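**Student:** attaching a predicted model along with its sequence, questions to come.
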Amino acid sequence: MRHLLAAASVVAFATSAQGAAPAKLTDAQRAATHAMFEHVINTPTVIGRHKVPEMAQYVADQFKAAGFPEADIHVLPYHTESATTGADETAALIVRWRAEGTPKAKPIMLMGHMDVVEAKVEDSTTDPFVMTERDGYYYGRGTIDMKDGIVGVTQAMINLKAAGFKPKRDIAVLFTGDEETNGIGATKGASEWLDLLGHPEYGLNADGGGGGVNPDGSPAGFTMQSAEKTYAGYTLTVRNRGGHSSKPRKDNAIYDLMHALEKLEAYKFTPMMGPTTRAYFQGREKQEKGPLGDAMRRWLANNADTEAADFIEASESEVGLTRTRCIPTRLFAGHADNALPQLATAMINCRIFPGVDPNAIKSELERIVANPQVVVTRNDDRVASLGSPLRPDVTGAYTRAVQALHPGMPVFPEMSTGATDGRPFRVAGVPIYGTNGGWVVVPVDFRAHGKDERIPVQSLYDNVVHWQLMLRDLAGK
Amino acid sequence: MKRAILFALATCLAGAATAATDPRTVPTQLSPEWQAKTRAVFKQAIEIPSVHNRGQTQKMAELLASQFRAAGIPDADIHIMPYEALPGDNTVALIVRWRSPKATQKPMLVLGHMDVVEAKREDWKFDPFVFREEGGYFLGRGSSDMKNGDVATTMAAVKLMSQGFKPNRDIIFFYSGDEETRGVGATLGATKWRNLTEAEFGLNADGGCGGYDRQFRPIGCGISMAEKTFQTYFFTTHNPGGHSSRPRPDNAIYDLTDALEKLRTHRFQPMLNETTRGYFTERSRQEGDSALGQAMRRWLANPGDGAAADEIEANPLEVGLTRTRCVATMLEGGHADNALPQSAKATVNCRIFPGVQPKDVQAELQAMAGPKVEVTPDPNYIGEPTPASPVRPDVLKAVTAAVQHFHGKDMHVFPVMSTGASDGSFFRAKGIPVYDVDGSWGISPDDERAHGLDERIPVRAMYDDVLHWEMLYKALAG
């Protein structure tokens, strides 16, 4: 579940000292990357299709073929299920690349997820589960969320091993199989699989971070995710006696539900600011000279300036960053076309500001719809997400890797509006940083979960190099 | 599909305050000889489980055909027509022509259906396909919908034939085999088999018009002669969608929500036709000085009085009778809990006022919903608008005379518009006016068990119905 920076900027941060130009991929490495990416995109790892174990085994086989010992590669089948997202037999993959000699520190975890959101052929221009290369892009479900990250991490480790790199601390890979739905893999990772992972000091999540370039090719910025909103689902339910549709009743379950959604559409949650978003907006306001920058400056100066926060929230680049947001994502109602509905439900997807209790949001939704006929229930039992402290070693390594590939590219800390597998680790005391190196053209390529998801061809290969740089920097010294 | 009497009248019922007799205890006027004949055929009819897919409708057709044959109708005028109703449901229709030796008028059609709705033994107190007489009732599936009408229309004809009655016009009997499911028989009857069914008008036995309340006061006899057109539309919205963590200003569900909020308060233009005018005239009399009765009188005096029509439409007894109505019945939208919806769809079921074109309703809905919503008709069923049948004085007079003969002057006869559809709609759509005029009756609401459990009909209602049809044949073809 991916958030990519949408900032449009012509003014870059002062760049750090330029290092040597990064090594490019060889033709053989490029071909291997392409082949792996095509294979995983063409594997439809949507919940209910039972394809995640197949993908986990495939990725495991890539590690084995590259010489990682079989004893350190674990395909872990598990069951995932919830009332609203369906059920599946899925799997996680854990790979431990052990340090040479005595490790200098606790392991670094590299995270990602192998599952993708549903995509329907009829809603897409080309079959979302057949990778298609066109106009400088790879198209397909999962191209940016986040099979690019799976391939980036995996191919980087394979390339480093082939180059003779020996990590000074363990690197532990955790690829889960239900991040888009129930997050059970991450919960297990943060508890019963911690031994296999070697109790990592922190995690780098390929399902976070990343950057953007403007349509004119100028840098927009990269972000490092250090906080995330809490993902929580709610259901609005309306029941009615129903009856024959030739005799419409005054009260109607569908109309009651629609009225509740109209109220939700008009509602604005109270603006909030946390340490990560403060640092983010402090960086962003330097880029923005116009009215958006003015609003950021006003809001930073006065957190009570709701009008400024509303202006920021309304911007396409900043949506979701100033407060909790809730949006209806699914509707179900009725049982026959000639019968009045007896039941109407809407799924409400909320992204809750870090630190806010999802139960408080349930009460707030009840106040918003203000109709006892509309019953609000929670779809999950998630607890409030927490931010991770900004570590100089990680921010430094990430900034160096980004700027090695994209000279002059500004880098910001970021609160992700999407939930990631990082949440249970953060709650369990393992800081998580979203540090992927992929990039897209903003905002036209923001298509995660949407129609015709795509990634620029060069971004896929840059990301492999990015992860090589990150691992050399953080595990090679 | 039987239209139940939809209104239970309040105590203000004019002229009915006198001590009422239980109509079930009044002796029938049918002779014991014809009671026995009628009972025997009715018993056989009930015990044929002519439910869809059971292949029993042929037996039902043969039972009725044998009555006509025995009464002297030549084989050449008896047609058992096989056809497929629901896929795989092979059923039949029966078409019988009782020829006039010297016809002076165009033929008259008598309509009925031989199929019944499914009934399960475990749901009923007794076997629904074993005929019973108990407590002044005949019981069994089809006893009120509508093997009673099949038997009454047939036995009345047979009885008249035995008396040497010669009609002055051909009387054509058309009994379909799938009214309760698809109406394919009626469709064929109105089109492909038209050479056998061509008639000036039709009398439908599927729909008893009369009834009494629990205090045995007559609640009137509504003759259905118009019906609304059934048409479902889909409201569909599309959106690029995206990640639900980054809400877009536009959203497929909100676009649909906006359209349905408009639909909730949208009111189509009130309309009156000859049928509903007759209906509201009678209803305003029944309602007396109540607010509803006054609104009816205001609207009848001035059909442009939209406020009066709105007041009538808002009454649960009258809903759907003053105009086209459309209501949202189903919703689906989105594809994942954590993705902005790329599409959302509402099913909107419309009952269109007779004579109004479904495409005009579509255009009105589209204009209401706005450009973000696509309004399309359900491709699986394109409704054909049916004109209201003209109020024929001869039919109204004959039915009134027959009904009041059995039930007295307090049983008022008036036209009604049905909000659902029956076999009659297929003939109306193809130019044959149809009137639902069966003489069966019951106690409302206790005897309204069509499609339901422990279906029944008062014994007297069954027997008098034979005489009722006899009177209609004589009045309209004598």
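**Tutor:** Noted; the coordinates are in hand.
**Student:** what's the local residue count around B:P387?
**Tutor:** When neighbours are counted by other C-beta atoms under 10 Å in any protein chain shown, B:P387 registers 13. Glycine gets a C-beta too; all of them are placed from N, C-alpha and C.
**Student:** burial of the residue lying closest to it once chain neighbours are set aside, as a residue count?
**Tutor:** Once flanking residues are discounted, B:P387 sits nearest to B:G355: 5.2 Å by C-beta to C-beta, 6 or more residues apart in numbering or on different chains. Look at B:G355: counted by other C-beta under 10 Å, it has 13 neighbours.
**Student:** repeat for B:G442
**Tutor:** That count, for B:G442 with other C-beta under 10 Å as the rule, works out to 24.
**Student:** check B:F234 too.
**Tutor:** So B:F234, with other C-beta under 10 Å, has 17 neighbours.
**Student:** do you know how far it is from chain A?
**Tutor:** Counting by C-beta to the nearest C-beta, to the nearest Å, the gap from B:F234 to chain A is 9 Å.
**Student:** what about the helices in the chain?
**Tutor:** In the absence of a named chain, this looks at chain A. A:27-41, A:52-65, A:147-162, A:184-189, A:194-197, A:253-266, A:275-287, A:291-301, A:306-313, A:358-369, A:392-405, A:422-427, A:457-475 (DSSP state H).
**Student:** could you do chain B instead?
**Tutor:** B:32-46, B:57-70, B:147-162, B:184-190, B:194-197, B:252-265, B:274-287, B:291-301, B:306-313, B:358-369, B:393-407, B:423-429, B:459-477.
**Student:** looking at those, which is nearest to A:A227?
**Tutor:** helix B:252-265 (28.3 Å; C-beta to C-beta).
**Student:** point out where the chain drops to low pLDDT.
**Tutor:** With no chain named, the answer covers chain A. The model of chain A has pLDDT under 70 over residues A:1-21.
**Student:** chain B is the one I meant
**Tutor:** Checking chain B against pLDDT under 70 turns up B:1-19, B:208.
**Student:** leaving out sequence neighbours, find the closest residue to whichever residue of it sits closest to chain A.
**Tutor:** When scored by C-beta to the nearest C-beta, chain B has B:M330 as its residue closest to chain A, at 3.1 Å. Nearest non-adjacent residue to B:M330, counting by C-beta to C-beta, 6+ apart: A:G334, 3.1 Å away.
**Student:** and the one you found, how many neighbours?
**Tutor:** Counted with other C-beta under 10 Å, A:G334 comes out at 23.
**Student:** mind listing what it touches?
**Tutor:** Taking C-beta atoms under 8 Å, 6 or more residues apart in numbering or on different chains, we find A:G334 in contact with A:254, A:341-344, B:328-331, B:347.
**Student:** ok, A:R423 next?
**Tutor:** Contacts of A:R423 by C-beta under 8 Å, 6+ apart are A:183, A:186, A:228, A:230-231, A:382, A:385.
**Student:** just the ones of these in strands?
**Tutor:** A:228, A:230-231 (DSSP state E).
**Student:** closest to chain B out of these?
**Tutor:** A:Y231 (7.0 Å).
**Student:** about what we covered before: just name the most buried of the helices of chain A.
**Tutor:** Each of the helices of chain A was scored by mean neighbour count; the highest is helix A:147-162, a mean of 25, by mean count of other C-beta atoms under 10 Å in any protein chain shown.
**Student:** that one near chain B anywhere?
**Tutor:** No: Helix A:147-162 lies apart from chain B when judged by C-beta under 8 Å from any C-beta of the partner chain; the minimum separation is 15.4 Å.
**Student:** and the residue lying closest to A:G437 once chain neighbours are set aside, how far from A:G438?
**Tutor:** Nearest residue to A:G437, sequence neighbours excluded (C-beta to C-beta, 6+ apart): A:H466, at 2.5 Å. Remark: distance between A:H466 and A:G438 (C-beta to C-beta, to the nearest Å) = 8 Å.
**Student:** between these two, which contacts overlap?
**Tutor:** Contacts common to A:H466 and A:G438, judged by C-beta under 8 Å, 6+ apart, are A:G152.
**Student:** circling back: any chance of TSV for the helices of chain A, columns distance to B:D446?
**Tutor:** Compiled in TSV, those are given as follows (distance: least, C-beta to C-beta, whole Å):
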stretch	distance to B:D446
helix A:27-41	66
helix A:52-65	60
helix A:147-162	66
helix A:184-189	56
helix A:194-197	70
helix A:253-266	30
helix A:275-287	69
helix A:291-301	70
helix A:306-313	62
helix A:358-369	41
helix A:392-405	79
helix A:422-427	61
helix A:457-475	74
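**Student:** list the contacts for A:A119?
**Tutor:** A:46, A:128-129, A:141, A:453, B:335.
**Student:** make JSON lines out of the residues you listed and add distance to A:V411 and neighbour count.
**Tutor:** Shown next, in JSON lines, are the contacts of A:A119 (distance: C-beta to C-beta, whole Å; neighbours: other C-beta atoms under 10 Å in any protein chain shown):
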{"residue": "A:V46", "distance to A:V411": "33", "neighbour count": "23"}
{"residue": "A:P128", "distance to A:V411": "31", "neighbour count": "26"}
{"residue": "A:F129", "distance to A:V411": "34", "neighbour count": "20"}
{"residue": "A:R141", "distance to A:V411": "29", "neighbour count": "29"}
{"residue": "A:E453", "distance to A:V411": "25", "neighbour count": "26"}
{"residue": "B:H335", "distance to A:V411": "34", "neighbour count": "19"}
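**Student:** in chain A, what residue comes closest to chain B?
**Tutor:** For chain A, C-beta to the nearest C-beta, closest residue to chain B: A:G334, 3.1 Å.
**Student:** quick one, phi/psi of that residue?
**Tutor:** When read as degrees, to the nearest 10, the backbone of A:G334 gives phi 80, psi 170.
**Student:** ok, it to B:N349 distance?
**Tutor:** 9 Å.
**Student:** mutual contacts of these two, please.
**Tutor:** B:T329.
**Student:** between the contacts of A:G334, which is nearest B:K166?
**Tutor:** B:T329 (51.8 Å).
**Student:** could you count how many residues lie near that closest one?
**Tutor:** 25.
**Student:** just B:T21 next, same as before
**Tutor:** 10.
**Student:** of the ones in strands among the contacts of A:R423 - the most surrounded one?
**Tutor:** Neighbour-wise, those (other C-beta under 10 Å) top out at A:E228, 31 neighbours.
**Student:** contacts with chain B among the ones in strands among the contacts of A:R423, please.
**Tutor:** Restricting the ones in strands among the contacts of A:R423 to contacts with chain B (C-beta under 8 Å from any C-beta) yields A:Y231.
**Student:** can you redo the ones in strands among the contacts of A:R423 as a markdown table with distance to B:G185?
**Tutor:** Shown next, in a markdown table, are these (distance: C-beta to C-beta, whole Å):
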| residue | distance to B:G185 |
| --- | --- |
| A:E228 | 64 |
| A:T230 | 61 |
| A:Y231 | 56 |
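**Student:** from the ones in strands among the contacts of A:R423, which single one is nearest A:I312?
**Tutor:** Once C-beta to C-beta is applied, the member of the ones in strands among the contacts of A:R423 that ends up nearest A:I312 is A:E228, at 18.7 Å.
**Student:** got a list of what that closest one touches?
**Tutor:** By C-beta under 8 Å, 6+ apart, the contact set of A:E228 is A:208, A:354, A:385, A:415-420, A:422-423, A:426.
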